[in-house]
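K.L.:
Got a sequence here, can you build the structure:
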Amino acid sequence: MSQTSDRIAQLRKSYERAELGEDASHADPVLQFDQWLTEAIVGELPEPTAMTLATVAGNLRPSTRVVLCKGYDARGIVWYTNYESRKGIELAGNPFASLQFHWVELERVVRIEGCVEKASAEESDAYYATRPLDSRIGAWASPQSQVISGRGVLVANAAKFGAQFMLNPPRPPHWGGYRLVADRWEFWQGRRSRLHDRLRYSLVGGSWVRERLAP
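P.N.:
As a prediction, this is how the structure comes out:
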């Protein structure tokens, strides 16, 4: 075993910041998520809206990447990306996915599972218009997930589309929003002695059923 592996094996952390009980949690998982995300933002955690998105390809090979949550409500969790990227292709073939938020400083994890659908063109247009100009040009410049010969390709593309669209680039037809329509949520709060709190919310007959899971 290498010295690094030995150090990893010896790493220990005691989780003691908070607890998550049935009586103190919301019956609606969206309200519980809103509370936790708000606390992460108010606490000025780094990248509080960062979430890991897991998709599965047609060959059943899973893949993950970090994206940013750009909206949420009772309908689901929203992010924006290139529809022709690897994740876009995988979602087109298998629309089921999962998301995970990990707020290390608060010793909390939220996992969300469900079916993914595209956001409306109106939603995507509205969000695209709020992005900085460089980001709007970047959506045109990057053939996301495709092999390119070097960074110069991106720079050249950005210059080309910048000259073409100037200050008013339209939203690319291959770029827009996705919404994960959740049917399962899980909230994890670290606790002492590895006896963590885990509350799962499952959608049953149109209503949320809350259950405690063993850690």
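
K.L.:
Which residues does the residue nearest the centre of the chain form beta bridges with?
P.N.:
Geometric centre of the chain, nearest residue: M51, 3.2 Å, by CA atoms, centre = their mean. For M51, the beta-bridge assignment (DSSP bridges) gives partners V67.

K.L.:
For it, give me the pLDDT.
P.N.:
If you check M51, the pLDDT there is 98.

K.L.:
Quick check: which helices or strands does the helix or strand bottoming out on mean pLDDT in the chain pack against?
P.N.:
When each helix and strand of the chain is scored by mean pLDDT, DSSP states H and E, helix 3-10 comes last, with a mean of 74. Using 3 or more CB pairs under 8 Å, 6 or more residues apart in numbering; DSSP states H and E as the contact test, no helix or strand touches helix 3-10. Placement of C-beta: from N, CA and C, glycine included.

K.L.:
what comes up buried for it?
P.N.:
For helix 3-10, the buried set under the neighbour-count rule, 16 or more other CB atoms under 10 Å, is empty.

K.L.:
For that helix, C-alpha coordinates in PDB please.
P.N.:
Output of helix 3-10 as PDB, limited to C-alpha atoms (Å, rounded to 0.1, in the frame of the first residue of the first chain):
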ATOM      1  CA  GLN A   3       1.800   6.200   1.700                       C
ATOM      2  CA  THR A   4      -1.100   8.100   0.100                       C
ATOM      3  CA  SER A   5      -3.400   5.100   0.300                       C
ATOM      4  CA  ASP A   6      -2.300   4.600   3.900                       C
ATOM      5  CA  ARG A   7      -3.200   8.200   4.800                       C
ATOM      6  CA  ILE A   8      -6.500   7.900   3.100                       C
ATOM      7  CA  ALA A   9      -7.400   4.800   5.100                       C
ATOM      8  CA  GLN A  10      -6.600   6.700   8.300                       C
END
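
K.L.:
Tell me the helix or strand right after that helix.
P.N.:
helix 29-42 (DSSP states H and E).

K.L.:
and that following helix, average pLDDT?
P.N.:
98.

K.L.:
can you give me the angle the lengthiest strand in the chain makes with helix 29-42?
P.N.:
Taking DSSP state E as the criterion, the chain has its longest strand at strand 175-189. For strand 175-189 against helix 29-42, the angle between stretch directions is 90 degrees (axes from the mean of the first three to the mean of the last three CA atoms, to 10 degrees).

K.L.:
for the record, mean pLDDT for strand 175-189?
P.N.:
pLDDT averaged over strand 175-189 gives 98.

K.L.:
Can you give the contact residues for the first helix or strand past it going along the chain?
P.N.:
Moving toward the C-terminus from strand 175-189, the next helix or strand (DSSP H and E) is strand 197-204. Contact with strand 197-204 is made by 19-22, 25, 29, 32, 182-189, 191, 208-215, as judged by CB atoms under 8 Å, 6 or more residues apart in numbering.

K.L.:
ok, now stretch 129-136?
P.N.:
With CB under 8 Å, 6+ apart as the contact definition, stretch 129-136 has outside contacts at 128, 139, 158, 167, 169, 171.
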